[in-house]
Structure formats: structure tokens, C-alpha cells
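Q: after the sequence you'll find the predicted model.
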Amino acid sequence: GAVVSQHPSWVICKSGTSVKIECRSLDFQATTMFWYRQFPKQSLMLMATSNEGSKATYEQGVEKDKFLINHASLTLSTLTVTSAHPEDSSFYICSARPGLAVSYEQYFGPGTRLTVT
Amino acid sequence: AQSVTQPDIHITVSEGASLELRCNYSYGATPYLFWYVQSPGQGLQLLLKYFSGDTLVQGIKGFEAEFKRSQSSFNLRKPSVHWSDAAEYFCAVSAGNMLTFGGGTRLMVKP
């Protein structure tokens, strides 16, 4: 149980275009989902926290107009990278926390590799 | 604010040897602590977690970790490493709604 999927697993796009990444909790309802960014050989940096039905909370330094997050249902959150540039190339990982979790445990998706050319 | 330090960026061990990965945390209250493993190009898999109770916790794949409050540590151990254990390991502390990760330790296994 507690499986999180991401789609696509990798994507290549041209500079200036937008890319949407989906994060789904497959066998549980996630009231809270998280989006992380990971640069090569580095740790995960939290970008934003999203709660179902409300606006996402962005970490300091993360442009909310560039990284649009929508958490429309208890099993789906999306991250849209708008007007992507090469510096947005990275590995994006989502995680989800079950609605009844009391342990603050998060389950992670497999990640999406974004390359902007 | 909470923080996590993994002092060793790289560790190389021989297959069959024992392993200990260090993790130190800074947090004002009783922490929730986690160890995750990440294979190249993959997401994170939870190895084990500590919330309360017994300070020695058992995880998957033969891993265990010991919580030592006096040392603010949560070191990960395995008695005999397998080649498939080569990966990146992250220690994390949960404070409220979010996880804070350490910088990671890359484990390499020599045949």
C-alpha cells in the first residue's frame, strides 16, 4: 500500500513552453502533497506544500507564478512549470501524506526528470 | 528551525562488511526521524522510522537505526552489506507538516 505515482517520468521541452507533472496517490487519500526539487548529487529541497482544495504554500525563494500547483482532489496534485528555461531542468519529486496520518510520514513518487532545451 | 546533518558525503564498504551511516539532527522537541534510500533516477523509499518507544528500530532490507537523544543522533546500520545496497541514503526529521532532509550519503559497495 501507500503507492504514489508521477507522470511523466521524464520530459524534454523547449525553452518558453510549459510542462505539467502529475502526482497521484494510488491507494490512499492524501490531504497534503508536497513538491520537491533535486539537483544532481544534492538533497531534496521542498518547493511547496499543497492541501486539497486550497492554495499551495510555497517555500521562500520559489516563484509561485512560475511553479503552479493545483491539488484538486484527494488523490491528484499537479505541478506546472510555466515558461520553462534551462535552469528549470531538474528532478522533481512529489510526496503525499495520508489524510489520517499522525506520524507525518510521507510517501514519495518515483520522480520526473525535466530537461529544458 | 530543524536541521539534519549527514557528515559523510561518500562511504565505500566491501560487500559483506558492516555499515554505519551517521545522522545528527537539531530539533527542539521530540523528533520524528526517518531514513530513506534513493537509487539513481528513482524516488525515495522509506527504510525505517522512529516516533517513540524502543530506541532501536528495525527496517526493511536488514537495516536498523538507533535513536540517541543525548547525542541527537539517528545512525543507520546494517551488519552485512550487499552490492544492491549501493545507493544514496537520506536521513530526515519531521517537524509539523514538513520533512527536512540531510545532504545525503552516497554508499558504494566494493565486490
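A: Ah, there it is.
Q: up against chain B, what does chain A have?
A: Proximity of chain A to chain B is confined to A:4, A:6, A:32, A:34, A:41-44, A:46, A:49, A:91, A:93, A:95, A:103-111, A:113 under the rule CB under 8 Å from any CB of the partner chain. Every residue, glycine included, has its C-beta placed from N, CA and C.
Q: now do the phi/psi pair for residue B:60.
A: Backbone torsions of residue B:60, given as degrees, to the nearest 10, read phi -80, psi 170.
Q: that older thread, in helices, which of the residues of chain A next to chain B fall?
A: In helices, judged by DSSP state H, none of the residues of chain A next to chain B are found.
Q: and those, which are buried?
A: Of the members of the residues of chain A next to chain B, the ones counted as buried by neighbours, 16 or more other CB atoms under 10 Å in any protein chain shown, are A:4, A:6, A:32, A:34, A:43-44, A:46, A:49, A:91, A:93, A:95, A:104-111.
Q: just the residues you listed: which are in strands?
A: Among these, the residues falling in strands (DSSP state E) are A:4, A:6, A:32, A:34, A:44, A:46, A:49, A:91, A:93, A:95, A:107, A:108.
Q: of the residues you listed, closest to residue B:10?
A: Among these, residue A:44 lies closest to residue B:10 (CB to CB), at 18.3 Å.
Q: can you read off the pLDDT for the closest residue to the closest one other than its chain neighbours?
A: Nearest non-adjacent residue to residue A:44, counting by CB to CB, 6 or more residues apart in numbering or on different chains: residue A:36, 4.2 Å away. Looking at residue A:36, its pLDDT reads 95.
Q: the helices in chain B, which residues?
A: Read by DSSP H, chain B holds no helices at all.
Q: quick check: residues of it near chain A?
A: Of all the residues in chain B, those lying near chain A are B:32, B:34, B:36, B:41-46, B:49, B:51, B:90, B:94, B:96-99, B:101-104, B:106, going by CB under 8 Å from any CB.
Q: buried ones only from the residues you listed, please, as a PyMOL command.
A: Here is the PyMOL selection string for the buried members of these, based on 16+ other CB under 10 Å:
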select buried, chain B and resi 32+34+36+42+43+44+45+46+49+51+90+94+98+99+101+102+104
